[in-house]
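**Q** Here you go, sequence then predicted model.
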Amino acid sequence: MKHISITILAGLLLSAASLLAEDLTITSFSSNGELTWTFPTNGVSEYRIEWSSDLENGQWSDLENGMSGIVLTGATMTAEVPMFYRVKAIGASPTNMIYIPAGRFYMGNCMDPSEGNANELPVHRVYVNAFYMDRFSTTKKLWDDVYIWATNNGYTFTTPGAGDSPTNPVTTVNWYSCVKWANARSEMEGLTPCYYMNSETTQVYRTGEFSISNNCVIWDVDGYRLPTEAEWEKASRGGASGYRFSWADNTISHGRANYTSHAETSYDLSGGGHHPDY
């Protein structure tokens, strides 16, 4: 997978585990696969069945993506088979966000090694917890709404951001500004910030350019944060495996995405130049 550095805040995510999820008790599992579970105490009526092959590691995947790791060797086919199940009561998805189910996927450059970076090899299998991600890139209007609130509440940024229109993605913002903006959006909406300036997670990151280490992040709170490399790639692939793009194809054109085309790239079919709507 070829990575391109851009200055667009492509999307934030929320931990799915923190949003109205409740572990229920499975009371019976009949031989024909019929599950019976306890009724939730909080009135939630939507459910998701999850599975795990190991109760010790706490890694659960949605049932619809449960059968994975299928390998065909000659006339023999093997697969990872779910061994344990659970049912979780869930609330409605947050507004304008998409649920990305937990599970394993093959991460890295599955195409010509010359297309990507050395650190994208070898392709390896990664487990990612479930999360919610913004359905659309962060618009200039949304950025401005949070930015105004943030600068009135102790936040500082290097630049105010730019954008061709209020509904276009915000641009010219660096990583530090995006992280602080995510914290500000969390606080503005009454959620818990993810990023802090100390390992005790008592000082919310609001100013300056601070190199955040892993122990300065609370990963499973209900606030917004940027996706990890693995989360971003899993969401971007959209369930596709072995392809260059998430629409399960190896070519791209302006009919698929708004981007600057490069004629010298063999898989770019638009012949060069900006998208007609740019």
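**A** Happy to help now that I have it. Numbering: from 1, shown residues only.
**Q** Looks like Lys140 contacts Asn168 (just checking).
**A** Yes: contact status for Lys140 versus Asn168: in contact at 6.0 Å, counting by C-beta atoms under 8 Å. In this view, the C-beta of every residue, glycine as well, is placed from N, C-alpha and C.
**Q** can you give me the helices for the stretch 151-278 of the chain?
**A** Ranges of helices in the stretch 151-278 of the chain, per DSSP state H, counting those that start in this stretch, are 175-188, 229-237.
**Q** As JSON lines, those with mean neighbour count would be great.
**A** Output for the helices of the stretch 151-278 of the chain, formatted as JSON lines (neighbours: other C-beta atoms under 10 Å):
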{"stretch": "helix 175-188", "mean neighbour count": "22"}
{"stretch": "helix 229-237", "mean neighbour count": "18"}
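**Q** Those: which one's closest to Tyr278?
**A** Nearest to Tyr278 among the helices of the stretch 151-278 of the chain is helix 229-237 (21.5 Å), distances taken as C-beta to C-beta.
**Q** hey, C-alpha coordinates of the closest one in PDB?
**A** The C-alpha trace of helix 229-237 is given here as PDB (Å, rounded to 0.1, in the frame of the first residue of the first chain):
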ATOM      1  CA  GLU A 229      -1.500   3.100  11.700                       C
ATOM      2  CA  ALA A 230      -3.200  -0.300  12.000                       C
ATOM      3  CA  GLU A 231      -6.600   1.200  12.600                       C
ATOM      4  CA  TRP A 232      -6.300   3.600   9.700                       C
ATOM      5  CA  GLU A 233      -5.200   0.800   7.300                       C
ATOM      6  CA  LYS A 234      -8.000  -1.600   8.400                       C
ATOM      7  CA  ALA A 235     -10.600   1.100   7.900                       C
ATOM      8  CA  SER A 236      -9.200   2.200   4.600                       C
ATOM      9  CA  ARG A 237      -9.100  -1.300   3.200                       C
END
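**Q** for that helix, the distance to its chain's centre please.
**A** 6 Å (C-alpha atoms, centre = their mean, to the nearest Å).
**Q** and it, what does it pack onto?
**A** Packed against helix 229-237 by the contact rule (3 or more C-beta pairs under 8 Å, 6 or more residues apart in numbering; DSSP states H and E) you find strand 97-100, strand 103-107, strand 124-128, strand 131-134.
**Q** could you give the mean pLDDT of stretch 199-206?
**A** In this model, stretch 199-206 has a mean pLDDT of 97.
**Q** mind listing the strands in this structure by residue range?
**A** Assigned by DSSP state E, the chain shows strands spanning 13-15, 22-23, 26-29, 35-37, 46-52, 61-62, 68-73, 76-80, 84-90, 97-100, 103-107, 124-128, 131-134.
**Q** hmm, back to that, comparing Lys140 and Asn168, which residue is more hemmed in?
**A** The residue with more neighbours, out of Lys140 and Asn168, is Lys140; 21 against 17, by other C-beta atoms under 10 Å.
**Q** can you put the helices of the stretch 151-278 of the chain in a markdown table and add distance to Thr201?
**A** Below are these laid out as a markdown table (distance: least, C-beta to C-beta, whole Å):
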| stretch | distance to Thr201 |
| --- | --- |
| helix 175-188 | 12 |
| helix 229-237 | 20 |
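**Q** If we ignore the residues flanking it in sequence, what's nearest Trp181?
**A** Val146 (5.8 Å; C-beta to C-beta, 6 or more residues apart in numbering).
**Q** For the one you found, which residues are in contact?
**A** Neighbour list for Val146: Trp181, Ala184, Arg185, Met188 [criterion: C-beta atoms under 8 Å, 6 or more residues apart in numbering].
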